[in-house]
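Colleague: what follows is a protein structure lacking sequence information:
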């Protein structure tokens, strides 16, 4: 927990996710019961107000902002309300302080919005992770089409990449060379396939046509083992 004294009447407190966890606090716990929110507020105040400067009859207000990393809280003394509370019964200082918590409803609403947004962000993140994965299941081959600037790029790629767990097809379509790399999940790990694709992308760019379109409309120059064939005929001192 971080504590900063802004001025004589205001303390800034930041509680990270570990701080909340150590106190057994979750955002969801603070949405259903206003007393839980108040107890949480005043529990934090007791921790940071070691000199008891905010204790007694003083009116205390809390401003709280949930964030992705935890909670930021501003605790302030209100002297105007203190003067009014001095005229009230001194037997109820703690209750008076509770009555002065004006941000409980606002905090609950804010925390709910934060949770809702966090759930949306998580769902979006899960979707992005799913979309970014190369293999969506363990049985469906994945074909990736690359557009090569020229045939020399194909020769260079054949020299650099020893394809493992996949096949390679070379096409010519609308005056350009395209290489289709097809990976089989049961023959290669996703990580290894990504490494091989990274090497391939050093020699070509992601194609604006699909492997299916190339198979239907393009001219296939080398089938299944285009990299090996290119290496055999065009790379000197090649090794199979």
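Modeller: Sure, I can see it. Quick caveat, the model's predicted, so the values are computed rather than measured. Numbering: from 1, shown residues only.
Colleague: CA only for contacts and neighbour counts going forward, please
Modeller: OK.
Colleague: the closest residue to residue 62 other than its chain neighbours: what's it in contact with?
Modeller: Nearest residue to residue 62, sequence neighbours excluded (C-alpha to C-alpha, 6 or more residues apart in numbering): residue 75, at 4.8 Å. Residue 75 makes contacts with 10-13, 45, 60-63, as judged by C-alpha atoms under 8 Å, 6 or more residues apart in numbering.
Colleague: Provide the secondary structure category for residue 46.
Modeller: Here residue 46 is helix, with the state taken from DSSP: H, G, I helix; E, B strand; the rest coil.
Colleague: give me the number of residues near it?
Modeller: A count of nearby residues for residue 46, using other C-alpha atoms under 10 Å, gives 14.
Colleague: gap between the residue nearest to it when sequence neighbours are not counted and residue 44?
Modeller: Closest residue to residue 46 apart from its sequence neighbours, by C-alpha to C-alpha, 6+ apart: residue 52 at 8.0 Å. Separation of residue 52 from residue 44 (C-alpha to C-alpha, to the nearest Å): 13 Å.
Colleague: which of those two has more residues huddled nearby?
Modeller: Set residue 52 next to residue 44 and count neighbours by other C-alpha under 10 Å: residue 44 wins out with 16 against 11.
Colleague: give the contact list for that one.
Modeller: Residues near residue 44 by C-alpha under 8 Å, 6+ apart: none.
Colleague: quick one, grab the pLDDT at it.
Modeller: With respect to pLDDT, residue 44 scores 86.
Colleague: could you pull out the buried residues of the strand or helix carrying residue 233?
Modeller: Per DSSP states H and E, residue 233 falls inside helix 226-234. Of the residues in helix 226-234, 226-232, 234 count as buried by neighbour count, 16 or more other C-alpha atoms under 10 Å.
Colleague: and if you look at stretch 171-178?
Modeller: In stretch 171-178, counting by 16+ other C-alpha under 10 Å, buried: 171-173, 177-178.
Colleague: ok, and what's touching that stretch?
Modeller: The contact list for stretch 171-178, computed with C-alpha under 8 Å, 6+ apart, reads 145-151, 170, 179-180, 207, 214, 217-222.
Colleague: how about residues contacting stretch 183-196?
Modeller: With contact meaning C-alpha under 8 Å, 6+ apart, stretch 183-196 is reached by 134-135, 137-143, 161, 163-167.
Colleague: run the last query once more with 7 Å
Modeller: Residues outside stretch 183-196 that contact it (C-alpha atoms under 7 Å, 6 or more residues apart in numbering): 134-135, 138-143, 165-167.
Colleague: what average pLDDT does that stretch get?
Modeller: For stretch 183-196, the mean pLDDT works out to 90.
Colleague: in it, which residues are buried?
Modeller: 183-185, 190, 193, 196.
Colleague: now, which of those residues lie within helices?
Modeller: In this view, those that belong to helices under DSSP state H are 190, 193, 196.
Colleague: which residues touch the nearest residue to residue 12 once chain neighbours are set aside?
Modeller: Excluding its sequence neighbours, the residue lying closest to residue 12 (C-alpha to C-alpha, 6+ apart) is residue 74, at 4.6 Å. Residue 74 makes contacts with 10-13, 62-64, as judged by C-alpha under 7 Å, 6+ apart.
Colleague: part of a helix, is residue 20?
Modeller: Yes. The assignment for residue 20 is a helix, going by three-state DSSP.
Colleague: okay, it: pLDDT?
Modeller: For residue 20, the model assigns a pLDDT of 77.
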